[in-house]
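>>> Pasted the sequence and its predicted model underneath.
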Amino acid sequence: MLTDRLLGKGHYGKVYLGYDVKKTQELHACKVIDRCDKKFNAHAEHLVQNEIENLSLVRSPHIISLKQHYKTKQHYYIFTELCNGGDLGLLKKSRPGGRLSEDECRVVMKKLVSGLRDLCEFDIVHRDLKLANILLHFPLEEGLEGENGSKLETLLAEALVASD
Ligand SMILES: Nc1ncnc2c1ncn2[C@@H]1O[C@H](COP(=O)(O)OP(=O)(O)O)[C@@H](O)[C@H]1O
Ligand SMILES: [Mg+2]
C-alpha cells in the first residue's frame, strides 16, 4: 500500500513511503514511475526493467531488497526495503561545511565497498554511483527523525489515518 509521504525524487519517478497491508508495521519505499511521461521512452523502460531484474537477483545486506513490483498501463510500482535515514547527499548538506566525521566516513565506505563487492558477485556494475544513491538506514530505536521532526512511525500513522 502506498502513502502520500514523499521520500525522494529520482530521474524517472518519485519515491513514497509504503507498507505491507498484511503487516502494517513493515514499512517499505515505493518508487512510482509514470510510463506516460514525455521523457519515459524505450530506453527508460529498459533501465527500469534492468533495475527490477537486478534488485530481485541480488541478496546483500548493503543493497536494498525488492519486495514487490507491479506494472500497469500507466505506472511501475517498485516496492523495496525502506531506508529510514535519507541519502548521503542530504546528510552531507545537513553538516557544517558539508563534512562527515572520519568515523562516519569509515562506516559508510566499509558498507559501500561491501555492497559493491556483492554486486560484482552477480556481475552487476553500478553505473550511477553518487551521494543521492547511497541510502542510509538506522535502527528505529535510535530515534532518527524525519524532516519535520517526526519519527517515521509517526509519519506512517498519520499517513494511514489520512488515507482512511
Ligand atoms: N528504499 C528507499 N528508502 C528511502 N528512500 C529512498 C529509497 N529509494 C529511494 N529513496 C529516495 O528517493 C530518491 C530517488 O530514488 P532513486 O532510486 O535514486 O531514483 P533514480 O532511480 O531516479 O535514481 C533517492 O535519492 C532517495 O532520497
Ligand atoms: Mg537515484
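Thanks, I have it. Since the structure is predicted, the reported quantities are computational estimates derived from the model, not experimental observations. Ligands and ions are numbered 1, 2, ... in the order given.
>>> Quick one: residues contacting residue 100.
91-92, 108 (CB atoms under 8 Å, 6 or more residues apart in numbering). C-beta here means a position set from N, CA and C on the backbone, and glycine is covered the same way.
>>> Out of the residues you listed, who's the most crowded?
Neighbour counts for those, by other CB atoms under 10 Å, peak at residue 91, which reaches 17 neighbours.
>>> Does that one belong to a helix, a strand or coil?
helix (DSSP: H, G, I helix; E, B strand; the rest coil).
>>> Might you report the residue contacts of it?
By CB under 8 Å, 6+ apart, the residues touching residue 91 are 85, 100, 136.
>>> In CSV: the residues you listed, plus distance to residue 114.
Converted to CSV, the contacts of residue 91 look like this (distance: CB to CB, whole Å):
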residue, distance to residue 114
85, 17
100, 18
136, 15
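>>> Between the residues you listed, which sits nearest ligand 2?
residue 136 (13.8 Å; CB to the ion).
>>> what's the burial count for that closest one?
The tally of other residues near residue 136 (other CB under 10 Å) stands at 15.
>>> Contact partners for it?
Counted by CB under 8 Å, 6+ apart, residue 136 has contacts 83-88, 91.
>>> Check what pLDDT it gets.
At residue 136, the model reports a pLDDT of 92.
>>> which of the contacts of residue 136 lies closest to ligand 2?
residue 87 (8.0 Å).
>>> coming back round to it: for the contacts of residue 136, name the two members farthest from one another.
84 and 88 (14.0 Å; CB to CB).
>>> so where do the helices sit in the chain?
Along the chain, counting by DSSP state H, helices occupy 42-57, 88-94, 102-121, 152-162.
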